[in-house]
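Participant: Attaching a predicted model along with its sequence, questions to come.
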Amino acid sequence: MLGWLAAASLPLLIHLWNRRQQREVPWAAVEFLLAAMRKNARRLRLEQWLLLAIRTLLILLIVLAVAQPYMEQLGLIAPVVGRTHKVLVIDGTFSMGYKPGDRSRFEHAKQLATQIVENSPRGDAFTLVVLGKPPRVVVGTPVLEPNDFIEEIENLRLPHTAGDLPATLHRVEEIIKRAQSDNHRLTQTEVYFLSDLGRATWLDEASEESPGNEFRNQAKRLSESASLVLLDVGQPNAENLAVTNLRLLDPYATTKEAVRIEAELHNFGQQNQLRQRAEFFVDEKAVAHEEVDLKSGVDVALAFTYHFETPGDHVIQCHLNGDLLEIDNHRWLMLSVKEKINVLCVDGSPAGNSLGGAAGYLAVALAPRQSVFDGQVVQPRIVPETSLLETDLNRFDCIFLCNVGQFTRREAKVLASYLQAGGGLVCFLGDRVQIDSYNLHLHGDGGKNPRILPARLVELVAENQYTLDPLDYNDPIVQAFRGQQRSGLLTTPVSRYIRLDVSDDPDATVALALAGGDPFIVQARRFKGTSILVATSADVSWTAMPVWPSFVPLVQELLASAVRGQLNDRNTLTGSVIGASLRSTHPNRAVEIHTPDGSTATVRPRTSADASAWSYSDTLTSGVYSVNQGDVGTGDQKFAVNVDATECDLTKLDPSELRSDVWPGVPFVYWTTWQDRENEPVADAVRRGQFHRALLYAVLMLLFVEIALATYMGRHSA
């Protein structure tokens, strides 16, 4: 079409040709007329040249309007309507690690993103977001240099996280608003989603049970400010095997007894997988293996027993035979193995004999096998309430408070620090308890003190004989009593208790209730520890529970739930924050973190007048994180970071489901390859159409000007 620019010379050639055809003949009458016209010759010549220029410009504009797409591709002109801001959102969920051929889905998405940049006109700007949990903004400010942006794409590494699509859309909205505010030359916006369309990421967010309405509103708002393009890099009917869980079946691990460890395997594909080899490792040493048949959609549990000979941090790993998605074939479990479980029992009303006082029965229930505690796994120690501030609480795995009358602000702060370090706290009430002191210092009434207890104390109830309600045995504290009617749990008599209020604490759960409906045992996570509150006493003053057959197993389950939180803090999911309180003599010393990919990171602890702690959030790779806190002789602290098993299901959305269930009413373009843009070039068509439309409007305007000028000149000449 650019060749037709030569047509712009036609008006000039016609003019010159007409001049050559004229022959001058002297004639007196004409000489007289020419003498009269010489006065206006300069004005007439200017009008003729202006008319010639308008007609030539008409041809130029028509040719440019038709040739505009080719000129944009070469970068010879910039669009009249401005530049385009292209936001690339690459799916960073670990299902993108699926490798059906010589490259993974994630590598394919990176290649498509590079093609988008390379085929964009000069002047377009780019930003980059990785969909994950949490989402990660790699390039938040629009970049105009394609080579620099392509380098950012090439440097991307696949995280091992699940996806948070609403949070990702929120970050995209923020980027677009900021770009429109800061750069007015970016008049067009296009958002490209490069994803495998996994149902776990896309469909779950749009379901009625999740905040799908807000998610859809986000998409609608986004479509009003940008053109949406979805590039699908997934494959249907993808097969996948995964280790979905690895857990300790016992409440804690010590060197005195062997522990049981269980792994769960799942076949997410449609075909049965036979004779799959699963291996177990302890501290990278193979200790057991088994071949198992994995049927489609069925969970298979494998367990083994192991006796730890040394205390400290030990890492257990389960590894399944490799398939096309290797990331979820591994799972790790970090166990803090102890020589014994030390329990501190704070007695608010001590007595001389072993079963006297508020904590006597409790101590026997904690170590029921012998009266001498030296050979026991659990070793309780009873101290009076006056010794609370004098005792090093960090030496104990759990603290039981038994009928302690009141607390000072300093004692409450010590207990809060203990929970911040991951300790377990169990509180039994009794006749010496001052309700106002508990609410003020341990429940945080007034907002000045930290909230330690999981419920607020209301009033003493002492009217009837009460029994217990296990609430369908849903809580781990009472699950062991399911089907054990002879244990006596349901018939435990309670004559007095303090009514508990959990209405203002969303984290509190009721493990056991009274037959009248009042909470009896309430627990909640507090900081990094677990806090449990029992509404009655640990002795026989308010209840016959200490002499009932259910008391010993109930106390053991209370201890297990209290210390289990320490295990949970050291085992987490990718994308979560890991950290710990520092007990170092050098609290300001930098903490060194060795990540699973072989890199090393250094973080500075946060210090205050009362405590020092460190945290690390860049846990995007699954595996074991080893932390050196700088204390000589203490060894590295280990954290096991695993993938979210919900992302192991590789089932993908159908495009029709995407339009009807995920983004109903939201306009977007669906592609499976970059070549699809030739069939449905929505975003480019908008830009090109507006440019050539402006040129054609100019042609129409010049036509009216040419007609008006030619008419005026014709009449004036006549």
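Facilitator: Perfect, I can see it now. Owing to the predicted nature of the structure, the values given are computational and were not obtained by experimental measurement.
Participant: How far off centre is the one helix or strand F106 maps to?
Facilitator: Element membership of F106 [criterion: DSSP states H and E] is helix 105-118. How far helix 105-118 lies from its chain's middle: 23 Å, per CA atoms, centre = their mean, to the nearest Å.
Participant: Would you mark the buried spots in it?
Facilitator: By neighbour count with 16 or more other CB atoms under 10 Å, helix 105-118 contains the buried residues R105, F106, E107, H108, A109, K110, L112, A113, T114, I116, V117. (Each C-beta comes from the backbone N, C-alpha and C, glycine too.)
Participant: Okay, now the unreliable bits of the stretch 251-400 of the chain?
Facilitator: Along the stretch 251-400 of the chain, the model assigns pLDDT under 70 to residues 352-355, 369-375.
Participant: Mind doing that once more with 90?
Facilitator: Confidence mapping of the stretch 251-400 of the chain against pLDDT under 90 gives the ranges 251-252, 256-257, 312, 321-323, 349-358, 367-377, 394.
Participant: Show me where it has its strands.
Facilitator: All strands of the stretch 251-400 of the chain, identified by DSSP state E, counting those that start in this stretch, fall at 259-267, 273-282, 285-294, 299-306, 312-320, 330-337, 341-347, 378-384, 398-402.
Participant: Determine which stretch of those strands is the most buried.
Facilitator: Sort those by mean neighbour count, taking mean count of other CB atoms under 10 Å, and strand 398-402 sits at the top with a mean of 28.
Participant: can you list contacts of it?
Facilitator: For strand 398-402, contacts defined as CB atoms under 8 Å, 6 or more residues apart in numbering pick out 341, 343-348, 357-359, 362, 380, 393, 415, 418, 423-428, 430, 537-539, 559, 562-563.
Participant: Which members of these occur in helices, if any?
Facilitator: Taking DSSP state H as the definition of helices, those contribute L362, L415, Y418, L559, A562, V563.
Participant: quick one, what contacts the fourth one?
Facilitator: Spelled out, that is L559. Applying CB under 8 Å, 6+ apart to L559 gives the contacts P251, I341, V343, L366, V378, C398, G424, V426.
Participant: That one and A53, how far apart?
Facilitator: From L559 across to A53, the span is 96 Å (CB to CB, to the nearest Å).
Participant: and what of the fifth one?
Facilitator: As judged by CB to CB, A562 and A53 stand 92 Å apart.
Participant: neighbour-wise, which of the two wins?
Facilitator: Using other CB atoms under 10 Å as the criterion, A562 and A53 rank with A562 on top: 25 against 12.
Participant: what's around the closest residue to that one other than its chain neighbours, how many residues?
Facilitator: In this structure, A562 finds its nearest non-sequential neighbour in G424, 2.8 Å apart by CB to CB, 6 or more residues apart in numbering. The local packing of G424 (other CB under 10 Å) involves 27 other residues.
Participant: go on, I14?
Facilitator: 12.
Participant: so when I look at it, I'm seeing a helix, right?
Facilitator: Yes: assigned with DSSP: H, G, I helix; E, B strand; the rest coil, I14 falls within a helix.
Participant: Can you name the residues that contact Y616?
Facilitator: V577, I578, G579, V591, I593, A601, V603, Y625, V627.
Participant: how near is it to F527?
Facilitator: As judged by CB to CB, Y616 and F527 stand 17 Å apart.
Participant: All the strands of the stretch 451-600 of the chain, residue numbers only.
Facilitator: With DSSP E, counting those that start in this stretch, the ranges of strands along the stretch 451-600 of the chain come out as 456-461, 468-469, 497-501, 509-514, 519-526, 529-534, 571-573, 578-581, 591-594, 600-603.
Participant: Point out the other helices and strands that the third one packs with.
Facilitator: In other words, strand 497-501. strand 456-461, strand 519-526 (3 or more CB pairs under 8 Å, 6 or more residues apart in numbering; DSSP states H and E).
Participant: Just want the angle from it to strand 456-461.
Facilitator: Counting by axes from the mean of the first three to the mean of the last three CA atoms, to 10 degrees, strand 497-501 lies at 150 degrees to strand 456-461.
Participant: Strand 497-501 pairs with which strands, and in what direction?
Facilitator: Paired neighbours of strand 497-501 in the sheet (DSSP bridges): strand 456-461 (antiparallel).
Participant: Which positions within the partner strand qualify as buried?
Facilitator: R456, L457, V461.
Participant: any low-confidence regions in the stretch 451-600 of the chain?
Facilitator: By pLDDT under 90, the low-scoring segments of the stretch 451-600 of the chain are 462-467, 480, 483-488, 490-491, 504-507, 515-516, 527-528, 564-570, 579-591.
Participant: so which helix or strand takes in E657?
Facilitator: Using DSSP H and E, the element containing E657 is helix 655-657.
Participant: Give the partner strands of the helix or strand just after that helix in its sheet and their orientations.
Facilitator: Sequence order places strand 669-671 as the next helix or strand after helix 655-657, per DSSP H and E. Sheet pairing of strand 669-671 (DSSP bridges) gives strand 227-232 (parallel).
Participant: now the residue most central in space within the chain, nearest residue through space, not along the chain?
Facilitator: The centroid of the chain falls nearest to K133 when counting by CA atoms, centre = their mean (1.7 Å). Using CB to CB, 6+ apart and skipping the chain neighbours, the partner closest in space to K133 is D164 (4.1 Å).
Participant: Just put the contacts of L559 in TSV and tack on distance to V298.
Facilitator: Output for the contacts of L559, formatted as TSV (distance: CB to CB, whole Å):
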residue	distance to V298
P251	28
I341	37
V343	41
L366	40
V378	38
C398	38
G424	36
V426	39
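Participant: still on that earlier bit, got the angle between the helix holding F106 and strand 227-232?
Facilitator: 140 degrees.
Participant: average pLDDT across helix 105-118?
Facilitator: The average of the pLDDT scores along helix 105-118 is 95.
Participant: any chance of the strands of the stretch 251-400 of the chain in TSV, with distance to V229 too?
Facilitator: As requested, those are exported to TSV (distance: least, CB to CB, whole Å):
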stretch	distance to V229
strand 259-267	34
strand 273-282	37
strand 285-294	38
strand 299-306	38
strand 312-320	37
strand 330-337	35
strand 341-347	58
strand 378-384	61
strand 398-402	56
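Participant: Any idea which of the ones you listed gets closest to A200?
Facilitator: A200 sits nearest to strand 259-267 of all the strands of the stretch 251-400 of the chain, at 13.4 Å, using CB to CB.
Participant: ok, back up a step: pick the most buried one from the strands of the stretch 451-600 of the chain.
Facilitator: strand 529-534 (a mean of 26).
Participant: Outline the domain layout of this protein.
Facilitator: Here the domain parsing of the chain from automatic domain parsing is 2-77+692-717, 83-237+651-680, 241-337, 341-569, 576-636.
Participant: JSON lines please, covering those and showing distance to D644.
Facilitator: Below are the domains of the chain laid out as JSON lines (distance: least, CB to CB, whole Å):
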{"stretch": "domain 2-77+692-717", "distance to D644": "43"}
{"stretch": "domain 83-237+651-680", "distance to D644": "4"}
{"stretch": "domain 241-337", "distance to D644": "9"}
{"stretch": "domain 341-569", "distance to D644": "15"}
{"stretch": "domain 576-636", "distance to D644": "10"}
